[in-house]
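Enquirer: coordinates for the following, if possible.
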Amino acid sequence: MKKYIVEFIGAFFLILTIGCTVIAPGAGDMAPLAIGSALAVMIFAGGHISGAHYNPAVTLAVTLRGKCTWADATGYWVAQILAAIVAAVCVKFLKGATAMAAVTAMTPNVPQALLAEFLYTFALCFMVLNVATAKGTAGNSFYGLAIGFTVLIGAYSVGGISGGAFNPAVAVGISILGLSAWANIWIFLVANLAAGVVAALVFKATNAADDV
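Expert: Okay, here's the model as predicted:
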């Protein structure tokens, strides 16, 4: 149970930070820095307990890699989605009715958004597998920063194209908040989860000597 609690806490603060910094008055162009930093600190806080996935796509990749059981993966997914819902409710309360009424959902170009979400979710999942599960990087002290900065890079690079979720739980959160239309949530689910699968396959192909 403690692993699921940690997954809830980490995903909650990630999505809370996204909502609070993206919705005006927020952090403007500095929002990706705040979001990446929030993810990094939550990873350092919970990595030793749950592995600090905070992302269903990462959980899928780590499970296919063999470092998480399917039973735990299911618990992680439930915790991450619940965290997204609770975080979105908190953001709505903190921002107030006036700010929330001004929120408009972006209208993505579907092929561009699919590719953008796939590429940077792949980068995130592949990087997590290499810095947090590979023998060659075991015991490192930088994995939280590496993961946080990957999200920061992705948000700055393609946030204006897809919304920069790279995380199905985040997709749920931003849909509740009105930053993305519910009709578009399939873009994130398909691209993010496919990227997790491909990242696990590529990791196994490039780290064949790694023990499971």
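Enquirer: average pLDDT across the host helix or strand of residue 199?
Expert: Using DSSP states H and E, residue 199 maps to helix 185-206. The average pLDDT within helix 185-206 is 97.
Enquirer: for residue 156, list the residues it contacts.
Expert: The neighbourhood of residue 156, defined by C-beta atoms under 8 Å, 6 or more residues apart in numbering, consists of residue 32. C-beta: built from backbone N, CA, C; applies to glycine.
Enquirer: ugh, typo on my part, it should be residue 13
Expert: Shown in contact with residue 13 (C-beta under 8 Å, 6+ apart): 38, 42, 87.
Enquirer: roughly how far is the strand or helix carrying it from the heart of the chain?
Expert: In this assignment (DSSP H and E), residue 13 forms part of helix 2-22. Helix 2-22 sits 10 Å away from the centroid of its parent chain (C-alpha atoms, centre = their mean, to the nearest Å).
Enquirer: output that helix as PDB, restricted to C-alpha atoms.
Expert: Output in PDB follows, covering the C-alpha atoms of helix 2-22 (Å, rounded to 0.1, in the frame of the first residue of the first chain):
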ATOM      1  CA  LYS A   2       2.800   2.400   0.800                       C
ATOM      2  CA  LYS A   3       4.000   2.300  -2.900                       C
ATOM      3  CA  TYR A   4       0.500   3.300  -4.100                       C
ATOM      4  CA  ILE A   5       0.300   6.100  -1.600                       C
ATOM      5  CA  VAL A   6       3.700   7.500  -2.900                       C
ATOM      6  CA  GLU A   7       2.500   7.100  -6.500                       C
ATOM      7  CA  PHE A   8      -0.600   9.100  -5.600                       C
ATOM      8  CA  ILE A   9       1.400  11.900  -3.800                       C
ATOM      9  CA  GLY A  10       3.900  12.200  -6.600                       C
ATOM     10  CA  ALA A  11       1.400  12.300  -9.400                       C
ATOM     11  CA  PHE A  12      -0.800  14.700  -7.400                       C
ATOM     12  CA  PHE A  13       1.900  17.300  -7.000                       C
ATOM     13  CA  LEU A  14       3.000  16.900 -10.600                       C
ATOM     14  CA  ILE A  15      -0.500  17.600 -11.900                       C
ATOM     15  CA  LEU A  16      -1.300  20.200  -9.300                       C
ATOM     16  CA  THR A  17       1.800  22.100 -10.500                       C
ATOM     17  CA  ILE A  18       0.800  21.800 -14.100                       C
ATOM     18  CA  GLY A  19      -2.600  23.300 -13.400                       C
ATOM     19  CA  CYS A  20      -1.400  26.000 -11.100                       C
ATOM     20  CA  THR A  21       1.400  27.200 -13.400                       C
ATOM     21  CA  VAL A  22      -0.300  26.800 -16.800                       C
END
